[in-house]
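Next comes the sequence, and after it the predicted model I'd like to discuss.
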Amino acid sequence: MTQRPPERVGGWSRRRGQAAVALAGLVCVSASCAGNPSESEVGSGRRFPARSNDGAWIGTAIAPIGTAMASPILRETAPIDLATVLALAGEKPNAVRLARERLAEAEAKKDEALSRLLPTIAVGAVFGRHNGTIQDTQGNFIDEVTRQRVFLGGVGDLGIDVGNGIYGSLAAKRRAEAATEEVEAVVQARVLDAVYAYFDLVEAQAAMAIARDSFEHATAFHDLTTARERRALGLRVDTLRAEADVASARHAQIAAERRFRTASVRLAAMLRLEPTTTLFTVEKDVRPVTFVASETPLETLIATALENRPDLRAQRRRTEAAGLDDDAARIGPLIPSFHAGVGTPAGAPLGSNGGLGYDGHDFGKLDGREDYYVGLQWRLNGLGLGDAARARATGARLRAELVRDDDSRERAIQEVIEASEDVRATHAAIDAAERELRAADEVRKIAKKRLEEGTGLAIEVLSAEETRTRAATRLVEAITGYNRAQYRLLVRLGERPAR
């Protein structure tokens, strides 16, 4: 059998198996059907060879997918593939949009914190006039005094508070970095949800094909039993059983169509597409997609997850920000704040204490003026009790973030272990389903042949058909379950497929 090269799914290597589980009964899932695919890769560049323990490549069972039809309520059909799902899931869901807005807010707060380290300037003109009584510096009142003043120029002030300035700016930067990682974490979570919904659609569409095949076989068998009864070669009860089987197969077909339409609506809503459009996969077959080999050492997977997962990186950045806040509360009060400026100190009216510009009695009598100041200041809030309370509060927040960091790591390890076990279990389920379907196909063939030769019973054919339908369904569910498990493990490792 000729070998086909590995295909690409959304930029990821995928083995196109040559074994096929045809709903008509043809099966080829032996080791000789597999070629030699290249190693599967994870987005970070790490390689996880997709081989089993004995060195063989993972089984390449495939099952055909039926053609979708639009219902009267759903106005039109639209094809969709996994690459499109991955692209839309990373952009359109509301959770992703909200995460991006939180990032924009964090970036703005970072810039705001940085601005506190820059001087504040004010430019303008001031006119002041006094008429009436005034008090001199000795406390005496002077009647009928008229005076006025004009100032034209600017003032500036630079105040550097180590606690609220430098440390605050660094903490804001860490929180912005955490928000960036949170966007990626949300994207990965929404991509995983969309992949699950996509494989629900694939599974439902394949279930329609299986139900349609079962209905066709039930109809053909009913025709056969009717003909045998007409020729007095069969029993009336066999015809009635066949008729009931046709009705049961039709009921299963209706249920499969309803399941497919529900899966289509859910996927469309998740991707924020028109929900009245019937989405259907363009894939012709259900095929296993392998990113991480089932025998990859658990230690390697855990190490990869702890290094790559964006939610863990986000939590580390939040912990670092809490540490900087704690440093600011403990160290900041011990370091004097620096103030320097031109003219009016911060908070005073423009020109009330001079500045850099022109000052005089009126606009016609202005002379140049320059006023500067510089100073250091230690500040104790509430005689130091306020600063001590603030330090206790920031210390408590830091310890809480450290607990969250430990909790995140433990949860990540647990999720990797669970996802890895899910991959192993579903991989084994594919092998079992392949063997079951091969046997079911052979049983159906033998049962039909025995009936045609007059040595078998109609109920044997019905039982064989039911067994075959159940086996085909299990194979589809095993393959889609394996694909879900692979994507889940990929996300638990902090990766996501390229578009």
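Sure thing, it's come through.

Which strands or helices does the longest strand along the chain pack on?
In the chain, taking DSSP state E as the definition, the longest strand is strand 141-160. Under the contact definition 3 or more CB pairs under 8 Å, 6 or more residues apart in numbering; DSSP states H and E, strand 141-160 sits against strand 120-135, strand 337-342, strand 356-360, strand 366-370. For glycine as for every other residue, the C-beta is placed from the backbone atoms N, C-alpha and C.

Reformat these into TSV and put mean neighbour count, distance to Leu385 and mean pLDDT next to each item.
Supplementary listing: those in TSV, determined by neighbours: other CB atoms under 10 Å; distance: least, CB to CB, whole Å; pLDDT from 0 to 100:
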stretch	mean neighbour count	distance to Leu385	mean pLDDT
strand 120-135	12	30	73
strand 337-342	18	19	76
strand 356-360	19	40	70
strand 366-370	13	41	73
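
Turn the ones you listed into TSV, columns for distance to His217.
As requested, those are exported to TSV (distance: least, CB to CB, whole Å):
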stretch	distance to His217
strand 120-135	83
strand 337-342	86
strand 356-360	95
strand 366-370	100
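
where along the stretch 51-200 of the chain do the helices fall?
Listed in chain order, the helices of the stretch 51-200 of the chain (DSSP state H, counting those that start in this stretch) span 82-89, 94-115, 167-230.

Most distant residue from the centre of the protein?
Asp143 (77.6 Å; CA atoms, centre = their mean).

contacting residues for the nearest residue to that residue once chain neighbours are set aside?
Of all residues not flanking Asp143 in the chain, Thr133 sits nearest, at 5.5 Å (CB to CB, 6 or more residues apart in numbering). By CB atoms under 8 Å, 6 or more residues apart in numbering, the contact set of Thr133 is 141-145.

with those residues in mind, which one is nearest to Arg330?
For the contacts of Thr133, the residue nearest Arg330 by CB to CB is Phe141; the value is 52.6 Å.

So what's the residue count around that closest one?
By other CB atoms under 10 Å, 9 other residues sit near Phe141.

and if you look at Glu283?
Neighbourhood size, Glu283 [other CB under 10 Å]: 19.

Am I right that it is in contact with Pro79?
No: contact criterion CB atoms under 8 Å: Glu283 and Pro79 do not qualify, at 9.8 Å.

any idea of the pLDDT on the nearest residue to Asp136 once chain neighbours are set aside?
Of all residues beyond its chain neighbours, the one nearest Asp136 is Ile142 (6.1 Å), with distances taken as CB to CB, 6+ apart. The score at Ile142 is 80. That number is its pLDDT.

Output the below-cut-off pLDDT ranges for the stretch 151-300 of the chain.
The stretch 151-300 of the chain contains residues with pLDDT under 70 at 151, 153-155, 162-163.

rerun that using 80 as the cut-off
Scanning the stretch 151-300 of the chain for pLDDT under 80 picks out the ranges 151-165, 233-234, 283-285.

any idea how this protein splits into domains?
Taking automatic domain parsing as the reference, the chain has its domains at 65-106+170-282+291-320+396-492, 117-160+337-377.

Distance to Ile331 added to these, as a markdown table?
As requested, the domains of the chain are arranged in a markdown table below (distance: least, CB to CB, whole Å):
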| stretch | distance to Ile331 |
| --- | --- |
| domain 65-106+170-282+291-320+396-492 | 12 |
| domain 117-160+337-377 | 13 |
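
and the contacts of Thr133, which two are the farthest apart?
Phe141 and Glu144 (10.8 Å).

any idea how far the residue nearest to Leu114 when sequence neighbours are not counted lies from Asp387?
Distances taken as CB to CB, 6+ apart place Ser169 nearest to Leu114, at 5.1 Å, with adjacent residues excluded. Distance, Ser169 to Asp387, using CB to CB, to the nearest Å: 20 Å.

next one: Leu312
With distances taken as CB to CB, Leu312 is found 33 Å from Asp387.

State the mean pLDDT of the biggest helix by length in the chain.
The longest helix of the chain (DSSP state H) is helix 385-453. Mean pLDDT, computed over helix 385-453, is 91.

Check which helices and strands it sits against.
Using 3+ CB pairs under 8 Å, 6+ apart as the contact test, the elements touching helix 385-453 are helix 298-308, helix 310-331, helix 458-492.

I'd like the ones you listed written out as TSV, with distance to Gln414 added.
Output for those, formatted as TSV (distance: least, CB to CB, whole Å):
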stretch	distance to Gln414
helix 298-308	10
helix 310-331	13
helix 458-492	10
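
Among these, which comes closest to Gln188?
Per CB to CB, nearest to Gln188 of the helices and strands packed on helix 385-453: helix 458-492, 5.0 Å.

just the angle between the closest one and helix 385-453, please?
For helix 458-492 against helix 385-453, the angle by axes from the mean of the first three to the mean of the last three CA atoms, to 10 degrees is 160 degrees.

Can you give me the buried ones in helix 458-492?
458, 460-462, 464-469, 471-492 (16 or more other CB atoms under 10 Å).

okay, now Glu274: neighbour count?
12.

Kindly confirm my reading that it forms part of a helix.
No: going by DSSP: H, G, I helix; E, B strand; the rest coil, the assignment for Glu274 is coil, not a helix.

can you pull the contacts of it?
By CB under 8 Å, 6+ apart, Glu274 lies in contact with Ala268.
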